[in-house]
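In: Kindly generate the corresponding structure for this input.
(chains A and B)
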Amino acid sequence: DTAVSQTPKYLVTQMGNDKSIKCEQNLGHDTMYWYKQDSKKFLKIMFSYNNKELIINETVPNRFSPKSPDKAHLNLHINSLELGDSAVYFCASSQGQGAVGNEKLFFGSGTQLSVL
Amino acid sequence: DAKTTQPTSMDCAEGRAANLPCNHSTISGNEYVYWYRQIHSQGPQYIIHGLKNNETNEMASLIITEDRKSSTLILPHATLRDTAVYYCIVIPPTNAGKSTFGDGTTLTVKP
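Out: Numbering: from 1, shown residues only, chains lettered A, B, ... in the order given. Here you go, the predicted structure:
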């Protein structure tokens, strides 16, 4: 079984559309994350949830809205898609919040979003 | 957050040890050094982490200098499947995820 799974793997859409990416983890972890990897391959944190509570919200346009129905799921909804949103989005999870900096991140396989 | 500096790319012959350096001169005393790798089109994969002491697991060894300002990831017997981008990151004491993965080192293992 895949530990962190996200769907879809590829998403091609027109500018202005609204789309969602789903993520699920079966590791029993408390914390989930969304990362964005741009064309230069920088991987940057966007959001983090711990037990359904938002704990990290980096400088991300409010067109991006994460939703965590339970601690095993963290979905990413994007409104009014723009060309610059094209990137690979990775979901990840960790056991805790890394309060002692001793946490491993487990990543999904990524969703390649292409906005035309 | 402490920044890290890594060489852009490295080559290694198959079967030989691959030594990947990382500078983190502004690391704080309670920050951990983590290594991940990203094989093309996949999500990053955890390799190893450490605080002060050298660490070894089934994948690699991590050597951290005494002043903690730099570290080296060692893949003892590199294979073609180890070709990937290797990221060295420093984790702040609160929240493991709040780290940006930088450029990393593209390791190419050649036959």
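
In: From one end of stretch B:74-86 to the other, what's the distance?
Out: 11 Å (Cα to Cα, to the nearest Å).

In: How about the residues of chain A by chain B?
Out: A:4, A:31, A:33, A:35, A:40-45, A:48, A:55-56, A:90, A:92, A:94, A:96-110 (Cβ under 8 Å from any Cβ of the partner chain). For every residue, glycine as well, the C-beta is placed using N, CA and C.

In: partner strands of the lowest-mean-pLDDT helix or strand in chain A, parallel or antiparallel?
Out: Least confident helix or strand, chain A: strand A:53-57 with a mean of 78, by mean pLDDT, DSSP states H and E. Sheet pairing for strand A:53-57, assigned by DSSP bridges, gives strand A:43-50 (antiparallel).

In: Please work out which residues outside the partner strand touch it.
Out: A:30-38, A:54-58, A:60, A:64, A:66, A:68, A:71, A:74, A:76, A:90, A:96-97, B:38, B:44, B:87, B:95, B:97-101 (Cβ atoms under 8 Å, 6 or more residues apart in numbering or on different chains).

In: can you rerun that using 7 Å?
Out: A:30-37, A:54-58, A:60, A:64, A:66, A:68, A:74, A:90, A:97, B:44, B:95, B:97-101 (Cβ atoms under 7 Å, 6 or more residues apart in numbering or on different chains).

In: what do you get for stretch B:8-16?
Out: In contact with stretch B:8-16 (Cβ under 7 Å, 6+ apart) are residues B:18, B:20, B:77-80, B:103, B:105-111.

In: Any figure for the gap between residue B:74 and residue B:68?
Out: 17 Å (Cβ to Cβ, to the nearest Å).

In: who has more neighbours, the two?
Out: residue B:68 (19 against 16; other Cβ atoms under 10 Å in any protein chain shown).

In: Please tell me I have it right and the more buried one contacts residue B:26.
Out: No - if you go by Cβ atoms under 7 Å, residue B:68 and residue B:26 don't touch, sitting 10.4 Å apart.

In: one step back: just the closest of the contacts of stretch B:8-16 to chain A, please.
Out: residue B:103 (7.0 Å; Cβ to the nearest Cβ).

In: Could you pull up the contacting residues of the most centrally placed residue in chain A?
Out: Central residue of chain A (Cα atoms, centre = their mean): residue A:34, 2.5 Å from the mean position. Going by Cβ under 7 Å, 6+ apart, residue A:34 touches A:46, A:47, A:66, A:74, A:76, A:89, A:91.

In: so what's the fourth one closest to, chain neighbours aside?
Out: Spatially, and ignoring its direct neighbours in sequence, residue A:74 is nearest to residue A:32 (3.9 Å; Cβ to Cβ, 6 or more residues apart in numbering or on different chains).

In: Help me confirm that the one you found is found in a strand?
Out: Yes - assessed by DSSP: H, G, I helix; E, B strand; the rest coil, residue A:32 belongs to a strand.

In: isn't it right up against residue A:25?
Out: Yes - counting by Cβ under 7 Å, residue A:32 touches residue A:25, with 6.4 Å between them.

In: Am I right that residue B:36 falls within a helix?
Out: No - assignment of residue B:36 by three-state DSSP gives strand, placing it outside any helix.
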